[in-house]
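*Asks:* Fold the stuff below for me.
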Amino acid sequence: MSSPAASTVTFGALLRRFRRNRRGSAVVQFALVAPMFFALLFAILETALMFFASQVLETIAQNSARTILTGQAQTGQLVACSNAPCTQGTFQTYVCSQIPALFNCNNIYVDVESFSVFSNITFPTQIDANGNFINNMQYNPGSASQITVVRLYYAWPIFVTGLGYNITNMANSQRLLMASAAFQNEPY
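*Replies:* Residues are numbered from 1 along each chain as shown. Modelled structure (predicted):
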């Protein structure tokens, strides 16, 4: 049975007393602001990590391209290719040997193409209309003094896609990272 004092307090009096009491206002304000704050914080962190991964991929592309530029991949001087001219598989293994824990080697795609002049270099998009990656990778490192383009692709997973912040450009909440190096092979 309730006490007589408790039953005499009206609902309006309880609301007035709750409105005057400021002890829990910081908790209530934080509860209202916290979801947006953490969503923004995670979006900033994810974007920074994606840009960092893109720069690491660019460094790997430049280092891998240097072996083709100097003719090491074509003449069998690259140890990773077992002292024979590199094939697509052995060059992929060489690229994977440079990859830090940030990437999964099974998801890196390597494309090496050679051209006679720079004006002939054109590349279609690697993403189809459904947002899937088009895997038409080649390995043609060219010969001495020939123009070569090395491209690396990686489908980076994106986790924070809500609240109007969506930087994906592929299906399954992924963003295709691409790094490339275009150069003329040395006369090795």
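
*Asks:* Name the residues of the strand or helix carrying residue 19 that are buried.
*Replies:* With elements taken from DSSP states H and E, the one containing residue 19 is helix 11-20. Neighbour counts over helix 11-20 (16 or more other Cβ atoms under 10 Å) mark no residue as buried. (Glycine included, C-beta is placed from N, CA and C.)

*Asks:* Restricting to C-alpha, output that helix in PDB.
*Replies:* Written as PDB, here are the backbone C-alpha positions of helix 11-20 (Å, rounded to 0.1, in the frame of the first residue of the first chain):
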ATOM      1  CA  PHE A  11       1.700  14.700 -12.000                       C
ATOM      2  CA  GLY A  12       2.100  18.500 -12.800                       C
ATOM      3  CA  ALA A  13       4.100  18.900  -9.600                       C
ATOM      4  CA  LEU A  14       6.400  16.100 -10.600                       C
ATOM      5  CA  LEU A  15       7.000  17.700 -14.000                       C
ATOM      6  CA  ARG A  16       7.800  21.100 -12.400                       C
ATOM      7  CA  ARG A  17      10.200  19.500  -9.900                       C
ATOM      8  CA  PHE A  18      11.900  17.500 -12.800                       C
ATOM      9  CA  ARG A  19      12.200  20.700 -14.900                       C
ATOM     10  CA  ARG A  20      13.900  22.600 -12.000                       C
END
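
*Asks:* Following element in sequence after that helix, please.
*Replies:* Following helix 11-20 in sequence order, the next helix or strand is helix 25-69 (DSSP H and E).
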